[in-house]
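S.K.: Sequence unavailable; structure follows:
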């Protein structure tokens, strides 16, 4: 597994390696430029001397006694003064290698070595680096001057490399000191940066690792001075908030579900124990079985909505959204429940306005509407009315289920969509209810990107309104 500490260390090593490579490139480039400058200077001197000899051909015939022109190619030119300490010397050799002229500052060199002379006669221009008698390095240039294809003479220019060698040595020392200092600062900086960056992260990890379920109410401190670390801490704390809420909801849900299931299980156990205390007649056993069957049906009625809620509280609700026309769907549900409404002498009607389609899952939207209509029909007295209205509300499509039932007290409205929550009047009216119908409707609507709201007045009735985004304002999934 990769480590941020190792990554910072590797970055520092890469930076150091890059610095060393850069220093080496600077040194070798400087060396190359200096050698090119020296070679160019030597070539300039040789060309100047050749031009002078061409203008005064009798000079070489004096055997070197006439050196009046030496001032024209002396080292005390403007460029030479800019490189103080660099000494140039000139010599002229015959085609057979004998010295026939030299500048005043050139030491005696009777002839050119045969091997070098042959090379000059073939290549015409030859550079070499030698060591002078006093032990200093020098650069030489040999040029063969020809006339009508024949070599007339060989000119040699020589300059000391002491100044350039000193400059290169100084440059090496400067690069070494600069690189060494930079490497040291880089290493110290990387160590400091690693500690500064990783210290709050390690503290964050330690706090998160040592946190148990009993510590879900605690939060990691936002005491870091770095924006990124504070953002990470806030994200962890936000995740802890969600986890705490989910844990509390799950705990409450389990406690309430266990409590709701405890009653029918206790009745089942009591009936069986009483039935086994003594022999019973077939009719008495039948009554016990019927009573137990009623409790089993109650458990089944409780288990089904629990399974539905479990599906919707998962990370991926079981809905498949497709373009859907609501009017035929609602009309179908109303037609199915009209017979039940007639049995209870309740008027069930449907009023629809033209609305755009929505993205929805027909099966689950039908379940949500059936839950609302079942509650409305159950709590509306005979002679009452239940009306379903379909209309457009801004960028949404609204489905309102209105009844003329008992209504809901204001203090109960904020808790209507809590799981297993039932008003005292609802418990007295319908003992078989589970208190899970409205929470299921709420989960279905949220899975569709919609919402549910309620408005109620005691002794006048209630209106539950479902809202779904209109398809014209959405992007149909591929």
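M.R.: All right, it came through fine. The structure displayed is predicted, hence computed values, not measured ones.
S.K.: neighbours around residue 129, how many?
M.R.: For residue 129, the count of nearby residues is 11 (other Cβ atoms under 10 Å). No exception for glycine: its C-beta is placed from N, CA and C like everyone else's.
S.K.: I'd assumed residue 141 was in contact with it.
M.R.: No - using Cβ atoms under 8 Å, residue 129 is not in contact with residue 141; the gap is 10.7 Å.
S.K.: Return the mean pLDDT over whichever strand or helix holds residue 202, rounded to an integer.
M.R.: Residue 202 belongs to helix 162-209 when assigned by DSSP states H and E. Mean pLDDT, helix 162-209: 80.
S.K.: Tell me how far residue 183 lies from residue 26.
M.R.: Distance, residue 183 to residue 26, using Cβ to Cβ, to the nearest Å: 15 Å.
S.K.: hmm, I was thinking of residue 174
M.R.: 10 Å.
S.K.: Show me which of those two is the more surrounded one.
M.R.: Taking neighbours as other Cβ under 10 Å, residue 174 and residue 26 compare with residue 26 leading, 16 against 13.
S.K.: Quick one: residues contacting that one.
M.R.: Residue 26 makes contacts with 171, 175, as judged by Cβ atoms under 8 Å, 6 or more residues apart in numbering.
S.K.: ok so it is a strand residue?
M.R.: No - counting by DSSP: H, G, I helix; E, B strand; the rest coil, residue 26 falls outside a strand, being helix.
S.K.: And it, how close does it get to residue 36?
M.R.: Counting by Cβ to Cβ, the gap from residue 26 to residue 36 is 16 Å.
S.K.: Next up, identify which helix or strand the nearest residue to residue 396 once chain neighbours are set aside is on.
M.R.: What sits nearest to residue 396 in space, not counting adjacent residues and going by Cβ to Cβ, 6 or more residues apart in numbering, is residue 467, at 4.6 Å. According to DSSP H and E, residue 467 maps onto strand 461-469.
S.K.: what comes up buried for that strand?
M.R.: For strand 461-469, burial by neighbour count (16 or more other Cβ atoms under 10 Å) applies to 461, 462, 463, 464, 465, 466, 467, 468, 469.
S.K.: Kindly report the same for stretch 294-304.
M.R.: Neighbour-count burial for stretch 294-304 flags 295, 298, 302 (criterion: 16+ other Cβ under 10 Å).
S.K.: Could you do stretch 322-337 as well?
M.R.: Buried residues in stretch 322-337, counted by 16+ other Cβ under 10 Å: 324, 326, 329, 330, 333, 334, 337.
S.K.: just to revisit the earlier point, these two touch, right, the residue nearest to residue 396 and residue 397?
M.R.: Yes - assessed by Cβ under 8 Å, residue 467 is found in contact with residue 397 at 7.2 Å.
S.K.: just to revisit the earlier point, looking at the buried residues of strand 461-469, which is nearest residue 22?
M.R.: residue 469 (59.6 Å; Cβ to Cβ).
S.K.: quick one: contacts for the closest one?
M.R.: Under the criterion of Cβ under 8 Å, 6+ apart, the neighbours of residue 469 are 358, 359, 395, 396, 397, 449, 450.
S.K.: how about 10 Å then?
M.R.: Counting by Cβ atoms under 10 Å, 6 or more residues apart in numbering, residue 469 touches 356, 358, 359, 360, 395, 396, 397, 448, 449, 450, 451.
S.K.: same thing with residue 141?
M.R.: Contact analysis of residue 141 by Cβ under 10 Å, 6+ apart lists 38-43, 45-46, 125-128, 155-159.
S.K.: No further questions, thank you.
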